[in-house]
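Visitor: Here's my sequence, what's the structure:
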Amino acid sequence: MESEDFRIYGKPGHLIRRLQQISVAIFVAQSQKFRVTPVQYSAVLATYFHPGIDQTTLCNIIAFDRSTIGDVVARLRAKQLIKRVPARTDKRRRLLYITARGRRLIRDIEPTIELIQKSILAPLRPNERRLFIEMLKRLVLINNKHSRAPQRPQNTRPRRRHSGSGMTKQARNTVALDREIAKNRVAE
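Guide: Got it, this is the predicted structure:
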């Protein structure tokens with residue numbers, strides 16, 4: 001017969017919830033100076049990689065609940081990290097774009113984000129870390145459909161090709177961010 005403690009503390013749902021709480025606590029403690037939550041960071045990053053998305057698409061990308069994304073966007077706008085612009089074709093629709101301040105945040109916070117990820121996984125041996133991440137990815141992918149806010153990255157707007165380079169805007173943004181992060185690491 002299961003012990004009473006195991007019936008509480010040995011269940012995957014409980015352990016996943018606790019790990020999420022611990023992950024957020026580590027994020028908040030190590031990134032205090034940037035004054036963003038994990039969800040706000042994800043939203044800024046998604047807006048950077050997908051300029052011109054609407055709030056519904058943002059929800060799909062970061063797997064966040066549509067009923068509360070408005071508050072997240074409002075806070076990011078108040079911090080001047082993103083801006084909302086009326087769509088050219090439908091003035092009722094608002095599109096999200098990252099601001100210069102938002103781009104600076106991404107550039108400046110990236111080393112801290114890497115340290116946070118390492119802190120979360122630090123108790124595991126290197127081979128366990130890779131296995132743990134692979135198992136998490138599989139569980140999330142297989143169970144995504146059960147989520148109240150499933151991740152739907154394929155629902156983002158179609159990628160446009162930039163004439164000449166053959167790279168999408170998202171790919172150019174990724175390359176630019178990687179260069180900026182590398183430049184800052186060299187300067188440190």
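Visitor: give the contact list for the closest residue in space to residue 96 that isn't next to it in sequence.
Guide: Excluding its sequence neighbours, the residue lying closest to residue 96 (Cβ to Cβ, 6 or more residues apart in numbering) is residue 47, at 4.9 Å. For glycine as for every other residue, the C-beta is placed from the backbone atoms N, C-alpha and C. Applying Cβ atoms under 8 Å, 6 or more residues apart in numbering to residue 47 gives the contacts 53, 58, 82, 96, 97, 98, 102.
Visitor: just checking, the third one touches residue 95?
Guide: No - Residue 82 sits out of contact with residue 95 when judged by Cβ atoms under 8 Å, with a separation of 10.3 Å.
Visitor: how close does residue 77 sit to residue 40?
Guide: 11 Å (Cβ to Cβ, to the nearest Å).
Visitor: does the residue nearest the centre of the chain belong to a helix or a strand, and which?
Guide: Closest to where the C-alpha atoms of the chain average out (Cα atoms, centre = their mean) is residue 42, at 2.6 Å. Element membership for residue 42, per DSSP states H and E: helix 38-49.
Visitor: low pLDDT regions in this protein?
Guide: For the chain, the stretches with pLDDT under 70 are 1-3, 154-188.
Visitor: All the helices of it, residue numbers only.
Guide: For the chain, the helices defined by DSSP state H occupy 4-9, 12-30, 38-49, 55-62, 66-78, 100-121, 126-143, 169-187.
Visitor: Same list (those helices) but as a markdown table, adding distance to residue 90.
Guide: Output for these, formatted as a markdown table (distance: least, Cβ to Cβ, whole Å):
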| stretch | distance to residue 90 |
| --- | --- |
| helix 4-9 | 50 |
| helix 12-30 | 36 |
| helix 38-49 | 19 |
| helix 55-62 | 13 |
| helix 66-78 | 18 |
| helix 100-121 | 24 |
| helix 126-143 | 33 |
| helix 169-187 | 21 |
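Visitor: any idea how far the residue nearest to residue 96 lies from residue 85?
Guide: Residue 47 is 12 Å from residue 85, by Cβ to Cβ.
Visitor: Now the common contact residues for those two.
Guide: 96, 97.
Visitor: that older thread, now, among the contacts of residue 47, which is nearest to residue 110?
Guide: residue 102 (12.9 Å; Cβ to Cβ).
Visitor: can you count the residues close to the nearest residue to that closest one once chain neighbours are set aside?
Guide: Excluding the flanking residues, the one nearest residue 102 by Cβ to Cβ, 6+ apart is residue 81, at 3.9 Å. By other Cβ atoms under 10 Å, 25 other residues sit near residue 81.
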